[in-house]
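Trainee: Dropping the sequence and predicted coords here.
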Amino acid sequence: MKRLVSFALLLLCVIPVSLMAKPKKKTYNNAPQEVFQAALHTARERHVVTYVDEKNLMLTFETGTSAFSYGFIANATIEPETDGKATLVINVQKKNSGQSASFSYGAGDRMADKFYQQVEEELARKASQKVSVKPAAEHVDVPPTPKLNNTADPSIGTVTILSTPEGADISVDGNFVGNAPAVLKLSPGKHNVGLSQTGYKSWNRDLSVISGSEVKLNAALEKQ
């Protein structure tokens, strides 16, 4: 009997948590773009952002390791709702693929719940800034000149940016816009595209964007 119980416990420990994990959802009384910016800012401050899709309001970030897990990969998506609301959907997966099983004890769910709370605090902080006597500071995530979300305008050019290694910080005209890989919508004219990553030399390229054009940049970063 003791052997049978021990074997059953071992099976429970070995079963991947990702097979049982379900996406978590939370709806906010804010516009989809506001929720996306709050989630992106929260992920950049506390985790490692590996992918950003401004057009489809999606991002991916990774958490660090803990005493009970190797960390998590979280895919976050913003779903528009009625009455100007938006739902933040988080799908959490473990990072211990190919390694020995880890005892997460619901750490993924707790991480998602904490992330929801942090996004709510970020939204509240943004709202308090808007009613402040001082004028609200401009968003630093999106440059003032490039137009990233206007896909209906035929005059906009599309620039796809890849980096080796992936995840490099992307700046356009000196403004941080996300991490590679990314697809940017830029206004016609000259722009300076820069990529940087810790331990590598900075990469810069002057680019002339033409109306309706599609350009791909693949930046191979050199180690310092």
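Mentor: Great, that's in hand.
Trainee: show me where the chain has helices.
Mentor: Here the chain has its helices, by DSSP state H, at 2-14, 17-20, 32-46, 107-130.
Trainee: Who does V172 form a beta bridge with?
Mentor: Going by DSSP bridges, V172 is paired in beta bridges with N175, V193.
Trainee: State the pLDDT value of it.
Mentor: On pLDDT, V172 comes in at 93.
Trainee: What is the neighbour count of it?
Mentor: Neighbour count for V172, taken as other Cβ atoms under 10 Å: 22. Every residue, glycine included, has its C-beta placed from N, CA and C.
Trainee: so it touches V193, yeah?
Mentor: Yes. With contact defined as Cβ atoms under 8 Å, V172 counts as touching V193 (5.8 Å).
Trainee: related to what we said a few turns ago, mean pLDDT lowest where, among the helices of the chain?
Mentor: Among the helices of the chain, helix 17-20 scores lowest, at a mean of 42.
Trainee: Spatially central residue in this structure, please.
Mentor: With distances taken as Cα atoms, centre = their mean, the residue of the chain nearest its centroid is L59 (3.0 Å).
Trainee: Contacts only, for that residue.
Mentor: When contacts are counted by Cβ atoms under 8 Å, 6 or more residues apart in numbering, L59 touches 36, 39-40, 43, 49, 51-53, 75-76.
Trainee: got the domain boundaries for the chain?
Mentor: Under the assignment automatic domain parsing, the domains of the chain span 16-130, 157-220.
Trainee: weakest of those domains by average pLDDT?
Mentor: Note on those: domain 16-130 shows the lowest mean pLDDT, a mean of 82.
Trainee: Start and end of stretch 40-53, how far apart?
Mentor: 10 Å (Cα to Cα, to the nearest Å).
Trainee: quick one: buried residues of it?
Mentor: 40-44, 47, 49-52 (16 or more other Cβ atoms under 10 Å).
Trainee: Nearest to T82 among those?
Mentor: Set against T82, the nearest of the buried residues of stretch 40-53 by Cβ to Cβ is L40 (23.5 Å).
Trainee: Help me confirm that the closest one comes into contact with D53.
Mentor: No. Judged on Cβ under 8 Å, L40 makes no contact with D53 at a distance of 10.5 Å.
Trainee: residue contacts, F72?
Mentor: Taking Cβ under 8 Å, 6+ apart as the test, what F72 contacts is 62-63, 92-95, 107-108, 111.
Trainee: cool, and S155?
Mentor: 187-188, 211-212.
Trainee: try it again with 10 Å
Mentor: Listed by Cβ atoms under 10 Å, 6 or more residues apart in numbering, the contact partners of S155 are 147, 187-188, 209-212.
Trainee: if you look at those, which of them are in strands?
Mentor: Of the contacts of S155, the ones assigned to strands by DSSP state E are V209.
Trainee: which of the contacts of S155 lies closest to V177?
Mentor: Distance to V177, by Cβ to Cβ, is smallest for K147 among these, at 11.5 Å.
Trainee: Now list whatever residues contact both of L40 and D53.
Mentor: 59, 178.
Trainee: any idea how far R44 is from V52?
Mentor: Using Cβ to Cβ, to the nearest Å, one gets 9 Å for the distance from R44 to V52.
Trainee: quick one: common contacting residues for those two?
Mentor: What both R44 and V52 touch, as defined by Cβ under 10 Å, 6+ apart, is the set 59, 61, 141, 178-179.
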